[in-house]
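> Attaching a predicted model along with its sequence, questions to come.
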Amino acid sequence: MAGFVEKPEPIEVPGLTHLHTGKVRDLYRNEAGELVMVATDRISVYDWVLPTEIPDKGRILTQLSLWWFGRLTDLVPNHVISTDLPAGAPADWEGRTLVCTPLKMIPVECVARGFLTGSGLAEYNETRTVCGLALPEGLVDGSELPGAIFTPATKAAVGDHDENVPYEEVARLVGAETAALLRRTTLDVYARALEVARDRGIILADTKFEFGFDGDRLVLADEVLTSDSSRFWPAEEWEPGHAQPSYDKQYVRDWLTSPTSGWDRNGQLPPPELPKEVVEATRAKYVEAYERLTGIGWS
C-alpha cells in the first residue's frame, strides 16, 4: 500500500480545467488548450507522498528546470511556452508555474547513468548487468561507469514503483526508430549536463527525462535535471565504495527508516509527519544544489 497520505483537493481557477494531481505537480489545461503545470512543495519517498511539505521546493525545481532548459535548446527543444501566471491563479503559484505545449507523451522514463548506485547497483550485484547491459566486474556503490548507459523504465502510477526494463522492451513499446532517438537524445543531454555540473563541483550520477512528440518533433518535457529527478553528489566528497552524500531527499529517507520515526517501511501504516529539523535540512540541500549549479543565490 502506498500513494498519498492525504490527497489534496485541486485548486479551482477560472479558465483552467484540472487534469491530474501527481506526486509533486498539478496539471491543468487552459482555454487555449495549453497545459499549465504547477510544481507544489509536496515530497514523495518510498512511493508515498508525505503529509509534510518542503517550503519553496516547487519553486526551486521549476527555476532549476528553466535554467537547464536554456542550456539544452541546441540539443532538444522543450515544452515551455511561458512562465506567466494565469489570470486568477493564486499568488502562491508565482515562480512554480509553467505554461506548456501539450504533447503526445512517451510512456517511458528515459534514465541515463554514468555512475553505479540505487536500483542499478542492486541489479548489478545480482547479475553484473543493468537493464540487460553487461558491466565490468569489480564495480562498487559510486563507481564511475566506463561510459554512460541508457537504462529506461516504465512510468508507474502514484504509489507504484517505476520498473527498469531492457532497451528491447522500449523498442517493442514505441518502435525501433523512436527507441533509438530516445536513447541518443537521453545520452546527449546527459553528457552535456554532466560536463556543466562538473564545472560547478557537482557529479551528476544519474538522471531521468520525459519526452513527448509535438507532431514529429521530439520534445523534452516535465522537469529536467533537478534534485527530484537526478542524483547530484558533491564532487569533492566522491568516494566509491559506499553511499555518497547527495543533494536530494536523503535526510527524509534516513529519518523515515530510523527508529526515531517509528515507521515501518514494510508495514501497512502511512509515514508520519516530518519533524522541523528534517524539513529544514532537506530544503537546505535543494537550495544548495540550485545555488551551486546556477551560481544564483536563492532568496
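Done, it's in.

> what's near enough to touch T129?
Neighbouring residues of T129 by C-beta atoms under 8 Å, 6 or more residues apart in numbering: E123, L135. All C-beta atoms are positioned from the backbone trio N, CA, C, and that covers glycine.

> How far away from the center of its chain is the helix or strand containing E177?
E177 is located in helix 176-198, with elements delineated by DSSP states H and E. Remark: helix 176-198 is offset 15 Å from the chain centroid, using C-alpha atoms, centre = their mean, to the nearest Å.

> Quick check: E168 is in a helix.
Yes: according to DSSP: H, G, I helix; E, B strand; the rest coil, E168 belongs to a helix.

> so who does it touch?
The neighbourhood of E168, defined by C-beta under 8 Å, 6+ apart, consists of G132.

> Next up, phi/psi of the nearest residue to I11 once chain neighbours are set aside, please.
Computed as C-beta to C-beta, 6 or more residues apart in numbering, the closest residue to I11 that is not its neighbour in sequence is P90, at 6.3 Å. P90 adopts backbone torsions of phi -60, psi 150, taken as degrees, to the nearest 10.

> which parts of stretch 143-150 are buried?
S143, L145, A148, I149, F150 (16 or more other C-beta atoms under 10 Å).

> do stretch 94-113 as well
96-101, 103, 106, 108-113.

> State which strand of this structure is the longest.
Determined from DSSP state E, the single longest strand within the chain is strand 202-214.

> still on that earlier bit, assess the claim that the residue nearest to I11 and P14 are in contact.
No: assessed by C-beta atoms under 8 Å, P90 is found out of contact with P14, at 11.9 Å.

> Show me which of these two is the more surrounded one.
Between P90 and P14, counted using other C-beta atoms under 10 Å, the more crowded position is P90 (12 against 9).

> how much space between the more buried one and E12?
10 Å (C-beta to C-beta, to the nearest Å).

> cool, and I43?
Taking C-beta to C-beta, one finds I43 at 24 Å from E12.

> Neighbour count: the two, which is higher?
I43 (23 against 10).
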